[in-house]
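*Asks:* Pasting the sequence and the predicted model now:
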Amino acid sequence: MKKHFELKEFNEISKNTMLEHLDIEFIKVEKGRVVATMPIDKRTQQIMGRLHGGASMALAESVGGAGSFTLVDGTKFAVLGVDINGSHVGSTEENYVIAEAKILFQGKSTHVWEIRISDKNGTLINISRLTNRIIPIKA
């Protein structure tokens with residue numbers, strides 16, 4: 001039986017991780033698409049009070065990694081991020097951002113994701129691409 005994580009499970013397994021520290025919350029999880037929010041506050045800001053680029057990249061890798069788990073049997077395969085790149089293209093005065101990850105390529109051992117981070121008005125803040133390796137879990 002395949003084990004795919006559901007929305008509630010993604011938020012549960014995020015406890016005691018960087019995702020919890022950054023208050024990343026998954027709001028939509030489906031095969032090939034994941035959406036999450038992250039606040040812009042003292043945990044995610046740089047010294048000028050703007051969203052920190054590193055926090056954006058952590059959010060991007062989190063939703064892209066979760067996305068790969070929607071496509072594999074989580075009892076048989078591990079998902080490992082092996083490459084991420086991002087362009088910080090905008091800023092916002094809002095108090096949170098929304099990240100949407102969509103699968104671009106789904107191979108047997110490689111997944112490539114596009115992640116778009118925007119504010120609630122749809123202003124694009126960051127666009128990233130994440131490559132995940134899908135590794136069999138050794139018994």
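*Replies:* All right, it came through fine. Source: prediction; values computed, not measured.
*Asks:* From here on, just use CA atoms for contacts and neighbour counts.
*Replies:* Will do.
*Asks:* Report the buried residues of the helix or strand hosting residue 20.
*Replies:* In this structure, residue 20 sits in helix 18-21 according to DSSP states H and E. Neighbour counts over helix 18-21 (16 or more other CA atoms under 10 Å) mark residue 19 as buried.
*Asks:* SS state for residue 8?
*Replies:* For residue 8, the secondary structure call by DSSP: H, G, I helix; E, B strand; the rest coil comes out as helix.
*Asks:* What pLDDT is listed against it?
*Replies:* The model reports residue 8 with a pLDDT of 83.
*Asks:* again, but for residue 13
*Replies:* Reading off the model, residue 13 has pLDDT 84.
*Asks:* if we can go back for a sec, can you list the residues that contact the next helix or strand after the helix holding residue 20?
*Replies:* Per DSSP H and E, helix 18-21 leads on to strand 25-30 as the next helix or strand towards the C-terminus. Strand 25-30 has contacts (CA atoms under 8 Å, 6 or more residues apart in numbering) with 6, 7, 10, 11, 19, 34, 35, 36, 37, 38, 67, 70.
*Asks:* what is the mean pLDDT for stretch 85-102?
*Replies:* Averaged across stretch 85-102, the pLDDT comes to 96.
*Asks:* can you check stretch 107-117 too?
*Replies:* Mean predicted confidence for stretch 107-117 is 98.
*Asks:* Out of the contacts of strand 25-30, flag the one nearest to residue 92.
*Replies:* Each of the contacts of strand 25-30 was checked against residue 92 using CA to CA; the closest is residue 38, at 13.0 Å.
*Asks:* My guess is that closest one contacts residue 20. True?
*Replies:* No - using CA atoms under 8 Å, residue 38 makes no contact with residue 20, being 10.0 Å away.
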